[in-house]
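Engineer: The sequence and its predicted three-dimensional model are supplied below.
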Amino acid sequence: MAATTECGADSNALGNNMSLKKALSAASPLTLRVVAECPVTKARACDLILPHSDVSTPVFMPVGTQGTLKGITVDQLDGLGCQICLGNTYHLGMRPGPELIEKANGLHGFMNWKRNLLTDSGGFQMVSLVELSEVTEEGVKFKSPYDGKEILLSPEKSISIQNSLGSDIMMQLDDVVSSTVTGPRVEEAMHRSIRWLDRCIAANKNPDKQNLFAIIQGGLNAKLRKACLDEMTKRDVPGFAIGGLSGGEEKDDFWRMVTLSTDHLPREKPRYLMGVGYAVDLVVCVALGCDMFDCVFPTRTARFGSALVPWGSLQVKQKQYAKDLQPIDPDCQCPTCKRHSRAYLHALFKSDTAAMHHITIHNIAYQLSLMHSVRQSIIEGRFPEFIQTFMKRMFPSREQYPSWAVDALASVNVTLE
Ligand SMILES: [Zn+2]
């Protein structure tokens, strides 16, 4: 009987979600239900209810380019239990272009992906990839790398492309400044990002289907970041991202800006920390109160033969694995670890790009499984213990713990043993 009651409770919760979703669907196509909050740190586990499926947070979102993830198919991603991934607006907006994708029933139809998609504004790629870009109040001007034509990416244009792509979450166009830049340019970019947010809100043709997230800027300056938080949280957007970090700044500055942001973001809306994907950073930033993360690191590093494991990483190409018949990680449940040995992958790397695909699958599975374990520990009220075990496994000794992580965790009442 007990089991039936538990099942009943589960399906009730699901039923409540469904009715809540219906009731709120007119206002915003997103609902955040806080499932559990860590009594010690700022960590929380939530159900994020989006148009295409529910997402369990904290969540890591793999990054796709041109509508596909490098080294992995949509079916494989689905098989790993991925509930949301990123589409790249810059690449898709250039080629094949928004018109074709709209014809294919949006990016979901074009990719044949049934779960959620988040698209970026396209601005970051332009500033980082295109040398000849210029930011004015109107938008970001740049020369197309394909035909040299001058293109203006305005807040309106970015939203128009993202409306064509039909993503579940769209990002505002922001004025991106490298996190190592200081001075008046940071303040200018912060104020401009607020003005561009208002233009993005006004330009969104599908507010009932697509969620627009604001991006908190302000560089590494606490006063500017607080001013940006105050202004942006006055807008009734469905979610907030913490932007302008993870760009080579000191880790000590990084975590202080993250925790300042989560201190002032509303409890009932999702908090997305952009560009963060190292395992230690993920665990620490969950403790600081972030819900969503993305990073190209796990898939990019896979292409160099680096497999992510609970004790750091394993370089498959190294000689020591040539005769090693164990899987990458004996405790990993992913298709690669179930089927292939380190020795096989080592041999494959010499002749075949398939080795990269196998490691990409493992690395995404590692990220998803790490976040799943984090979430379970929050729900079961043992997240602080999880952090201790995680750190002990990741580093050979206490002396090797990064000092920023020790300080960041101490700020949320976790003293590393
Ligand atoms: Zn694996």
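Structural biologist: Yep, that arrived.

Engineer: Do I have it right that residue 180 meets residue 250?
Structural biologist: No. Residue 180 is beyond contact range of residue 250, at 9.2 Å (criterion: Cβ atoms under 8 Å). Every C-beta, even on glycine, is put in place using the N, C-alpha and C of the backbone.

Engineer: Give the ranges of residues in the protein that sit below the confidence cut-off.
Structural biologist: 1-27, 64-69, 126-132 (pLDDT under 70).

Engineer: Go again with 80.
Structural biologist: 1-27, 64-71, 88, 90-95, 123-133, 143-148 (pLDDT under 80).

Engineer: tell me which parts of it are close to the ion?
Structural biologist: Counting by Cβ under 5 Å from the ion, the chain comes close to the ion at 332, 334, 336, 337, 362.

Engineer: most surrounded residue in those residues?
Structural biologist: residue 362 (28 neighbours; other Cβ atoms under 10 Å).

Engineer: show me the contacts for that one.
Structural biologist: Contacts for residue 362 (Cβ atoms under 8 Å, 6 or more residues apart in numbering) come out as 302, 307, 308, 328, 329, 332, 334, 336, 337.

Engineer: Export those as a markdown table, with columns for secondary structure.
Structural biologist: Formatted as a markdown table, the contacts of residue 362 follow (DSSP: H, G, I helix; E, B strand; the rest coil):
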| residue | secondary structure |
| --- | --- |
| 302 | helix |
| 307 | strand |
| 308 | strand |
| 328 | coil |
| 329 | coil |
| 332 | coil |
| 334 | coil |
| 336 | helix |
| 337 | helix |
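
Engineer: still on that earlier bit, which two among the residues of the chain next to the ion are spaced furthest apart?
Structural biologist: Comparing every pair within the residues of the chain next to the ion by Cβ to Cβ identifies 332 and 336 as the most remote, at 7.9 Å.

Engineer: shared neighbours of those two, anything?
Structural biologist: In contact with both residue 332 and residue 336: 362, 365, using Cβ under 8 Å, 6+ apart.

Engineer: how does the chain divide up, domain by domain?
Structural biologist: 31-125+152-294, 302-381 (the TED database).

Engineer: Do you have the strands of the stretch 101-250 of the chain handy? List them.
Structural biologist: For the stretch 101-250 of the chain, the strands defined by DSSP state E, counting those that start in this stretch cover 116-119, 133-135, 140-143, 150-153, 169-171, 211-216, 239-242.

Engineer: With respect to burial, which of those strands scores highest?
Structural biologist: Among these, judged by mean count of other Cβ atoms under 10 Å, the one packed with the most neighbours on average is strand 169-171 (a mean of 28).

Engineer: Give me the sheet partners of that strand and which way each runs.
Structural biologist: With DSSP bridges as the test, strand 169-171 is paired with strand 116-119 (parallel), strand 211-216 (parallel).

Engineer: Show residues contacting it.
Structural biologist: Applying Cβ under 8 Å, 6+ apart, the contact partners of strand 169-171 are 30, 50, 84, 116-121, 159, 162-163, 200, 204, 210-213, 215, 238-239, 241.

Engineer: again, 7 Å this time
Structural biologist: Strand 169-171 has contacts (Cβ atoms under 7 Å, 6 or more residues apart in numbering) with 118-121, 159, 162, 210-213, 215, 239, 241.
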